[in-house]
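*Asks:* have a look at this prediction, sequence included:
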Amino acid sequence: MSRENFAAATPSATCGTGGGGSSRGTWSRSRERSHPEAVRPRGPWCGVCGVRRGLPNPTGAAGGQKPPQEPDMPSAAGKGQERGRESVDPPPADDHAKERYGVSSMIQSQEKPERVLVKIKDLTTEKADEVIWVRGRIHTSRAKGKQCFLVLRQQQFNVQALVAVGDHASKQMVKFAANINKESIVDIEGVVRKVHQKIGGCTQQDVELHIQRIYVISLAEPRLPLQLDDAVRPEVEGEEDGRATVNQDTRLDNRVIDLRTSTSQAVFRLQSGICQLFRETLIRKGFVEIQTPKIISAASEGGANVFTVSYFKSSAYLAQSPQLYKQMCICADFEKVFCIGPVFRAEDSNTHRHLTEFVGLDIEMSFNYHYHEVVDEIADTLVQIFKGLQERFQTEIQTVNKQFPCEPFKFLEPTLRLEYHEGVAMLKEAGVEMGDEEDLSTPNEKLLGRLVKEKYDTDFYILDKYPLAVRPFYTMPDPVNPKISNSYDMFMRGEEILSGAQRIHDPQLLTERAQHHGIDLEKIKAYIDSFRFGAPPHAGGGIGLERVTMLYLGLHNVRQTSMFPRDPKRLTP
């Protein structure tokens, strides 16, 4: 690579210490005597770059200890083995670029330099020929003769960088860059250059960074528990050409590494967007956000699938739902409330869509005359979320689709609403045998979703008027047909994401329904009593955040959309 590919360093970026240290690097005998446990600095400070010169292994010897020997390089032939080193060699004395690379001292908030770090996602042709600083991880490196190509990664964005022997880099500097372990964090000063041919495999395809300085901020261990390239490879592609993919347990056992992949970054940034859009939409509609207790004295819904915890000299439970408290707030005249928080279910369900802890997006509101006022409000909220995701998160959606191809999510305005008996009729017409008052099984849910998609071309719909027998005791019965209820579920791609209903707000009827379900009235006394002093008609529902994320992106397992999932077989990390 010729010298004219590199711009001269600006005066502010040039290290003028000549290897000498500033007063910050001085180690006094009195300090050593007063702090015998402190580690003696291992080299003088560069006053500009904040780098100690001649720094050995960051976990290496202190004081007079013998520094550790460099380990043997791992074999490149073994599958999964990585080229890497446990330490980085100090620059030799005759190296003309020795001030331009090295291992930085640990950042302990010693100073606040004026250096501005540019985001990798902002490296475009508009910054061509600018000298900039950037911090990122070493994603890949490839040495070739007197030059080395690096791919720097920052979240789901990456850019190619080049260091080549010349005025700003020595052959030792090139070797240093080539030997930095994958996933190490580095600070790089370089010139942004346009490229004549797009760089495949990088998000920033129109530019590359020509390195003038490179400093290791945090050195990763040489052997990674999983390879990020394997972790983002489409499963179909891996099956076809025999290349490695990473299974679910390996991902979850090494979740911190797995979360660094572009796919995981995109999934959880989009999930954050769902919460943001949920909150924005409801606040705009006049809702009040509330926080509810997660340690409660009785099972939230009168069931047995609760986690019991020791509570001083008695027992308590983790909340299955914030419903009791949402309804209390309605009785307290808050009119419209929502909350975002953890929900706990002690259900031994080892399926693709069940977790023992998940995030609930819960809504409750009073209405004037008909619970469909609430149904329409919830449906519109979800539609606004879907629209917002399409508008704000196209990059994330496309990133996930590269690894997990999926048809775009479709929805209608207004949202399609079918009554339960209509859904049952569609299933029967397709050959399913089931009773009119029988609840939907998971296979029948999915089949109905496919039938609805074929007939109405939507992935999102509402099923209304469920049989009363399959709903909780607090569900309001239909005023005309006592066998059905004022309840509803909402579905995405044929799977339920919300269950809701008009609640019984009359304490006498609520007591009768609880007795009909065989529930101990003493355990729900506080719940029933909250309706004795006047309660408005109201309805609501609960949405599972992880399930919505999974189904919107067309993923196949809710553990992919739970940052640190909990299920009957997993309690770590």
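*Replies:* Sure thing, it's come through.
*Asks:* is it true that residue 406 touches residue 550?
*Replies:* No. Taking contacts as C-beta atoms under 8 Å, residue 406 lies outside contact range of residue 550: 10.8 Å. (C-beta placed from N, C-alpha, C; glycine too.)
*Asks:* which one of these two has more residues nearby?
*Replies:* Higher neighbour count among residue 406 and residue 550: residue 550, with 26 against 15, using other C-beta atoms under 10 Å.
*Asks:* doesn't that one fall inside a helix?
*Replies:* Yes. Using DSSP: H, G, I helix; E, B strand; the rest coil, the assignment for residue 550 is a helix.
*Asks:* ok, it touching residue 544?
*Replies:* No. At 9.0 Å, residue 550 does not count as touching residue 544 under the criterion of C-beta under 8 Å.
*Asks:* now do the biggest strand by length in the chain: distance to the chain's middle.
*Replies:* Longest strand of the chain, by residue count under DSSP state E: strand 131-144. Mean C-alpha position of strand 131-144 versus that of the full chain (C-alpha atoms, centre = their mean, to the nearest Å) differs by 24 Å.
*Asks:* only alpha carbons, please: show that strand as PDB.
*Replies:* Coordinates of the C-alpha atoms in strand 131-144 are reproduced here as PDB (Å, rounded to 0.1, in the frame of the first residue of the first chain):
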ATOM      1  CA  VAL A 131      -8.900  11.800  10.500                       C
ATOM      2  CA  ILE A 132     -11.000  10.300  13.200                       C
ATOM      3  CA  TRP A 133     -10.900   8.100  16.300                       C
ATOM      4  CA  VAL A 134     -13.000   5.000  16.700                       C
ATOM      5  CA  ARG A 135     -13.400   2.300  19.400                       C
ATOM      6  CA  GLY A 136     -14.500  -1.100  18.400                       C
ATOM      7  CA  ARG A 137     -13.900  -4.900  18.800                       C
ATOM      8  CA  ILE A 138     -11.600  -6.800  16.500                       C
ATOM      9  CA  HIS A 139     -14.000  -9.000  14.600                       C
ATOM     10  CA  THR A 140     -11.500 -10.500  12.200                       C
ATOM     11  CA  SER A 141      -8.000  -9.900  11.100                       C
ATOM     12  CA  ARG A 142      -6.000 -11.000   8.100                       C
ATOM     13  CA  ALA A 143      -2.300 -10.200   7.600                       C
ATOM     14  CA  LYS A 144      -0.900 -10.200   4.000                       C
END
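*Asks:* use 373 as the first number for this chain going forward.
*Replies:* All right, first residue 373 from here; so that's strand 503-516.
*Asks:* would you mark the buried spots in that strand?
*Replies:* For strand 503-516, the neighbour count (16 or more other C-beta atoms under 10 Å) marks 503, 504, 505, 506, 507, 508, 509, 510, 511, 513, 515 as buried.
*Asks:* touching, residue 556 and residue 511? I think so.
*Replies:* No. At 10.3 Å, residue 556 and residue 511 do not qualify as touching, with contact defined as C-beta under 8 Å.
*Asks:* how about the secondary structure of residue 560?
*Replies:* State at residue 560, reduced to three classes by three-state DSSP: strand.
*Asks:* pLDDT at it, what is it?
*Replies:* Listed pLDDT for residue 560 reads 98.
*Asks:* same check, this time on residue 807
*Replies:* Note on residue 807: pLDDT of 88.
*Asks:* follow-up on the earlier one: and the buried residues of strand 503-516 as JSON lines, adding pLDDT and distance to residue 812?
*Replies:* As requested, the buried residues of strand 503-516 are arranged in JSON lines below (pLDDT from 0 to 100; distance: C-beta to C-beta, whole Å):
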{"residue": "503", "pLDDT": "98", "distance to residue 812": "62"}
{"residue": "504", "pLDDT": "98", "distance to residue 812": "56"}
{"residue": "505", "pLDDT": "98", "distance to residue 812": "57"}
{"residue": "506", "pLDDT": "98", "distance to residue 812": "52"}
{"residue": "507", "pLDDT": "98", "distance to residue 812": "51"}
{"residue": "508", "pLDDT": "98", "distance to residue 812": "48"}
{"residue": "509", "pLDDT": "98", "distance to residue 812": "46"}
{"residue": "510", "pLDDT": "98", "distance to residue 812": "50"}
{"residue": "511", "pLDDT": "97", "distance to residue 812": "45"}
{"residue": "513", "pLDDT": "96", "distance to residue 812": "53"}
{"residue": "515", "pLDDT": "95", "distance to residue 812": "59"}
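*Asks:* ok, so of those, who is nearest residue 570?
*Replies:* Residue 570 has its nearest neighbour among the buried residues of strand 503-516 in residue 511, at 17.8 Å by C-beta to C-beta.
*Asks:* wait, what's in contact with the closest one?
*Replies:* For residue 511, the contact set (C-beta atoms under 8 Å, 6 or more residues apart in numbering) comprises 522, 523, 524, 525, 530, 554, 555, 600.
*Asks:* repeat the analysis, applying 6 Å as the threshold.
*Replies:* 523, 525, 530 (C-beta atoms under 6 Å, 6 or more residues apart in numbering).
*Asks:* what about the first one, which helix or strand?
*Replies:* Assigned by DSSP states H and E, residue 523 belongs to strand 519-526.
*Asks:* most centrally placed residue in this protein?
*Replies:* residue 640 (2.6 Å; C-alpha atoms, centre = their mean).
*Asks:* and the gap between the residue nearest to it when sequence neighbours are not counted and residue 528?
*Replies:* Nearest residue to residue 640, sequence neighbours excluded (C-beta to C-beta, 6 or more residues apart in numbering): residue 935, at 6.1 Å. According to C-beta to C-beta, to the nearest Å, residue 935 and residue 528 sit 16 Å apart.
*Asks:* between those two, who's got more neighbours?
*Replies:* residue 528 (22 against 13).
*Asks:* for stretch 600-608, what is the average pLDDT?
*Replies:* 88.
*Asks:* before we move on, back to that, possible to save the contacts of residue 511 as TSV with neighbour count?
*Replies:* Formatted as TSV, these follow (neighbours: other C-beta atoms under 10 Å):
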residue	neighbour count
523	20
525	24
530	24
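*Asks:* now, among those, which is nearest to residue 471?
*Replies:* Closest to residue 471, out of all of those and judged by C-beta to C-beta, is residue 523, at 25.2 Å.
*Asks:* state the distance from the closest one to residue 767.
*Replies:* As judged by C-beta to C-beta, residue 523 and residue 767 stand 18 Å apart.
*Asks:* show me what contacts residue 745?
*Replies:* Residue 745 sits next to residue 739 when contact means C-beta under 6 Å, 6+ apart.
*Asks:* flag the shaky bits of this protein, pLDDT-wise.
*Replies:* 373-463, 609-613, 671-676 (pLDDT under 70).
*Asks:* give me the domain ranges for it.
*Replies:* 373-386+458-595, 600-626, 634-933 (automatic domain parsing).
*Asks:* ok now the longest one, how far from the chain's centre?
*Replies:* What that stands for is domain 634-933. Worked out by C-alpha atoms, centre = their mean, domain 634-933 lies 22 Å from the chain centre.
*Asks:* any idea how far apart the tips of that domain sit?
*Replies:* Domain 634-933 has an end-to-end distance of 14 Å (C-alpha to C-alpha, to the nearest Å).
*Asks:* again, but for the shortest one
*Replies:* One end of domain 600-626 sits 11 Å from the other (C-alpha to C-alpha).
*Asks:* give the buried residues for it.
*Replies:* 600, 603, 604, 605, 617, 618, 623, 624, 626.
*Asks:* out of those residues, which sit inside strands?
*Replies:* Per DSSP E, the buried residues of domain 600-626 never map to strands.
*Asks:* for the residues you listed, give me CSV that also has distance to residue 745.
*Replies:* Listed next are the buried residues of domain 600-626 as CSV, based on distance: C-beta to C-beta, whole Å:
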residue, distance to residue 745
600, 49
603, 46
604, 45
605, 48
617, 48
618, 47
623, 43
624, 42
626, 48
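*Asks:* how close does residue 741 get to residue 579?
*Replies:* With C-beta to C-beta as the criterion, residue 741 and residue 579 are 60 Å apart.
*Asks:* separation between the closest residue to residue 821 other than its chain neighbours and residue 496?
*Replies:* The shortest distance from residue 821 to any residue other than its chain neighbours is 1.9 Å, reached at residue 866 (C-beta to C-beta, 6+ apart). Look at residue 866 and residue 496: by C-beta to C-beta, they are 41 Å apart.
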